[in-house]
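> Give me a model of this one.
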Amino acid sequence: MKKRTLASLLCAMMAVSVLASCGNSSSSSSEASSSTDSTASTAESTDGSEENTAEEDLREPELVTLDVVTMSSGKNEPDITEVEEAMNAILEDKFNCNVNLTFIGYANYAEQTSLMLSSGEDADLLAVYMIPLPTCANAGQIIPLDDLIEKYGQGIKEQLGDYVECGRVGEDLYGVTTARDLANSQGFAYVKSVADEVGFDASNIKTLDDLKTELLKVKAAYPNMWPVAVSAGENIRNWGWDPLGDDTVNLGVLADMATDTTVVNLYETDQYKNLVTEMYNWMQEGLIQADAVNTTETATTLMSAGTAFGYFTNLKPGYAEENSSSLGYEIEAVDIIPALGCTNNVSRATWAISSGCDHPESAMKVLNELYTNPDLSNLYMYGIKDKHYKVLEEGGASNGQSIITWADGLDATTSNYRKSGTWLQPNQFIGHVWEGSAADIWDQQRAFNNDAQKSAAFGFTYDSATVTNEVTACTNVVSKYNKALLCGALEPESTLAQFNEELYAAGLQNIIDEKQKQLDAWVESNK
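From the prediction side, this is the model:
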């Protein structure tokens, strides 16, 4: 398949107690495995010939090549072929499988993967992100995984524990989550060097008004630099609500940090009105990128070019360090909205097998290997040792892997295989830790997940199958207004009235009623 570098939704969390099982390949996986049936794997074999036979049974009779798709930084990656070859050396020996890697940039990811799934071409195994998993499942674009994961995915079950149940749509499993942060705080990330120069003081920031005060310092010192940049027309996705499903459209939410189970129309709440009014005022004062609604660039691209200072984003432990190493310059971040754990945080991005895949068993074997084999995972995430990265401290990470950095003479701008989006890859928790991040960063992320405030609907998975037409119609309405309002490009008072009138005409009340009915049933069953 032609290599492409063009510029989620994971599973719903089943219980807080399982957060510790979404960890690295040491203690957490062994704990999860205690409740999981043993595989017909080599680990259980006591006879050498039986072990060889078990592994041999996993090999395909003829070489199988799979198209594997995930997200990238958008930078050209000329060394993809070399990384493929290194991965294929592992996969061909074990399964007689090869992979063709496709990387798609953030701005085009949802659109391009939607086209791939609709056509059934160019994607056998992929990360589903920014497209609701139920939408893909109900459209027949991805296949149920229950039988496949039972036969070939025991390693995934051991790594994820009960999280493996989180990718269900109805009774069937359609996707598996990745090991990553499963809650989000909301805040602002920015270029440290500029902040230091202008006296931007993050310690003063507790509210949007506080942030505005500091951003005005940037505008005064750098009149040609946008204090706030956006990515592909998106400024803020969430500001402390539980979307109960697709967080790009928010059709019926739990507002105000999701402390009760009353489903409301977000776009009628004071929470939303106050937010978009603030953004409109910022736009009028020149704090937000003027072409925010129409831009196809990412905020980090503009920051790298020196034309933007920062951007709103969801945050997690190590966010600044991780992105500093990826971007090649130091950024810092400040929390404004505290961490909230929602089902959507978990179900935002899942790995799935396309219905167009001719070899689903091979795809599951490869996916299982990506969750369990650190050598394969590190290749996919970071490239080739001593060519794209080098080891600084062998075994220095808390999971037994190494602390690494760019290979000699390389940085984020010159590497031909730049690490990016490792959180969207199957299992970063079994891999190396990048220089600048804490050696126990994966342990920190698990603690962050545990400590986050949980939505009153935490663990609830909504299925929109009965209101598909209404969802389609309302999604079209949301696409007309929501991003533009959050970018500050539309006057809120009159626009919100028109926005909500069109939403209700498109069937929003039916969606809210159906979502409330399902949520009430879930609450009752979990008493």
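> For the strand or helix carrying Leu367, output the C-alpha coordinates as CSV.
If you go by DSSP states H and E, Leu367 is part of helix 360-372. What follows is helix 360-372, C-alpha atoms only, in CSV (Å, rounded to 0.1, in the frame of the first residue of the first chain):
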residue,chain,number,x,y,z
PRO,A,360,-9.1,-10.8,10.6
GLU,A,361,-7.3,-13.6,12.4
SER,A,362,-4.0,-12.3,11.3
ALA,A,363,-5.0,-8.8,12.3
MET,A,364,-5.8,-9.9,15.8
LYS,A,365,-2.5,-11.8,16.1
VAL,A,366,-0.7,-8.6,15.2
LEU,A,367,-2.7,-6.5,17.5
ASN,A,368,-2.1,-8.8,20.4
GLU,A,369,1.6,-8.7,19.7
LEU,A,370,1.5,-4.8,19.7
TYR,A,371,0.0,-5.0,23.2
THR,A,372,2.4,-7.5,24.6
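> So which bits of the very next helix or strand once past it are buried?
Per DSSP H and E, helix 360-372 leads on to helix 374-382 as the next helix or strand towards the C-terminus. Neighbour counts over helix 374-382 (16 or more other CB atoms under 10 Å) mark 374, 376-382 as buried. Where C-beta positions appear, they are placed from N, C-alpha and C, glycine not excepted.
> And the contacts of the helix holding Leu367?
For helix 360-372, the surrounding residues in contact (CB atoms under 8 Å, 6 or more residues apart in numbering) are 25, 58, 60, 64, 66, 68, 90-91, 94-95, 97, 99, 124-125, 143, 145, 148-149, 151-156, 158-160, 176, 351, 353, 357, 376-377, 380, 425-427, 430.
> So which of these belong to strands?
64, 66, 68, 97, 99, 125, 351, 353 (DSSP state E).
> any chance of these in JSON lines, plus pLDDT and distance to Pro223?
Output for the ones in strands among the contacts of helix 360-372, formatted as JSON lines (pLDDT from 0 to 100; distance: CB to CB, whole Å):
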{"residue": "Val64", "pLDDT": "98", "distance to Pro223": "57"}
{"residue": "Leu66", "pLDDT": "98", "distance to Pro223": "51"}
{"residue": "Val68", "pLDDT": "97", "distance to Pro223": "45"}
{"residue": "Cys97", "pLDDT": "98", "distance to Pro223": "55"}
{"residue": "Val99", "pLDDT": "98", "distance to Pro223": "48"}
{"residue": "Leu125", "pLDDT": "98", "distance to Pro223": "48"}
{"residue": "Trp351", "pLDDT": "97", "distance to Pro223": "45"}
{"residue": "Ile353", "pLDDT": "98", "distance to Pro223": "51"}
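> quick one: the strands in the stretch 201-350 of the chain?
Ranges of strands within the stretch 201-350 of the chain are 226-228, 308-315, 331-341, 349-353, based on DSSP state E, counting those that start in this stretch.
> what angle do the third one and strand 308-315 make?
Strand 331-341 and strand 308-315 are oriented at 30 degrees to each other (axes from the mean of the first three to the mean of the last three CA atoms, to 10 degrees).
> what pairs with strand 331-341, and is each one parallel or antiparallel?
strand 184-191 (antiparallel), strand 453-454 (parallel) (DSSP bridges).
> and Val523, which of the ones you listed is closest to it?
strand 453-454 (13.7 Å; CB to CB).
> Following the chain past the closest one, name the next helix or strand.
helix 468-486.
> what sits up against that following helix?
138, 233-236, 248-251, 267, 275-276, 279-280, 293, 464, 490, 492, 495-496, 498-499, 502-503, 506-508, 510-511.
> Mind listing what's buried along it?
Going by neighbour count (16+ other CB under 10 Å), the buried part of helix 468-486 is 470-471, 473-475, 477-478, 481-486.
> Looking at those residues, which one is closest to Asp210?
Of all these, Asp210 sits closest to Leu486, with 19.3 Å by CB to CB.
> A strand includes Leu101, no?
Yes: counting by DSSP: H, G, I helix; E, B strand; the rest coil, Leu101 is part of a strand.
> Just list whatever residues bridge to it.
According to DSSP bridges, the partner residues bridging Leu101 are Val68.
> how far away is it from Glu369?
14 Å (CB to CB, to the nearest Å).
> And for Asn281?
Counting by CB to CB - Asn281 and Glu369 are separated by 52 Å.
> same question, Glu524
41 Å.
> between the two, who's got more neighbours?
Neighbour count, other CB atoms under 10 Å: between Glu524 and Glu369, Glu369 has more, with 23 against 8.
> Local confidence estimate at that one?
Looking at Glu369, its pLDDT reads 98.
> now the helices for the stretch 151-300 of the chain?
All helices of the stretch 151-300 of the chain, identified by DSSP state H, counting those that start in this stretch, fall at 154-160, 192-198, 208-221, 270-284, 299-304.
> what's the most buried one of these?
helix 154-160 (a mean of 26; mean count of other CB atoms under 10 Å).
> what's that one packed up against?
On a contact count with 3 or more CB pairs under 8 Å, 6 or more residues apart in numbering; DSSP states H and E, helix 154-160 meets helix 27-33, helix 360-372.
> Output the below-cut-off pLDDT ranges for the protein.
Residue ranges of the chain with pLDDT under 70: 1-56, 74, 76, 162.
> my guess is Phe458 contacts Cys342, does it?
Yes: if you go by CB atoms under 8 Å, Phe458 and Cys342 touch, sitting 6.6 Å apart.
> Quick one: end-to-end length of stretch 169-179, please.
For stretch 169-179, the first-to-last residue distance is 20 Å (CA to CA, to the nearest Å).
> And for stretch 222-234?
End to end - CA to CA - stretch 222-234 spans 23 Å.
> number of nearby residues for Lys387?
By other CB under 10 Å, neighbour count at Lys387 equals 17.
> How much space separates it from Leu315?
In terms of CB to CB, Lys387 sits 32 Å off from Leu315.
> Same check on Val176?
25 Å.
> okay, the strands paired with strand 331-341, which one's buried deepest?
By mean count of other CB under 10 Å, the strands paired with strand 331-341 have strand 184-191 as the most buried, with a mean of 23.
> Check the offset of stretch 188-206 from the chain's centre.
26 Å (CA atoms, centre = their mean, to the nearest Å).
> I meant stretch 460-471, not that one.
22 Å.
> now do the same end-to-end measure for that stretch.
Distance across stretch 460-471, first residue to last, is 19 Å (CA to CA).
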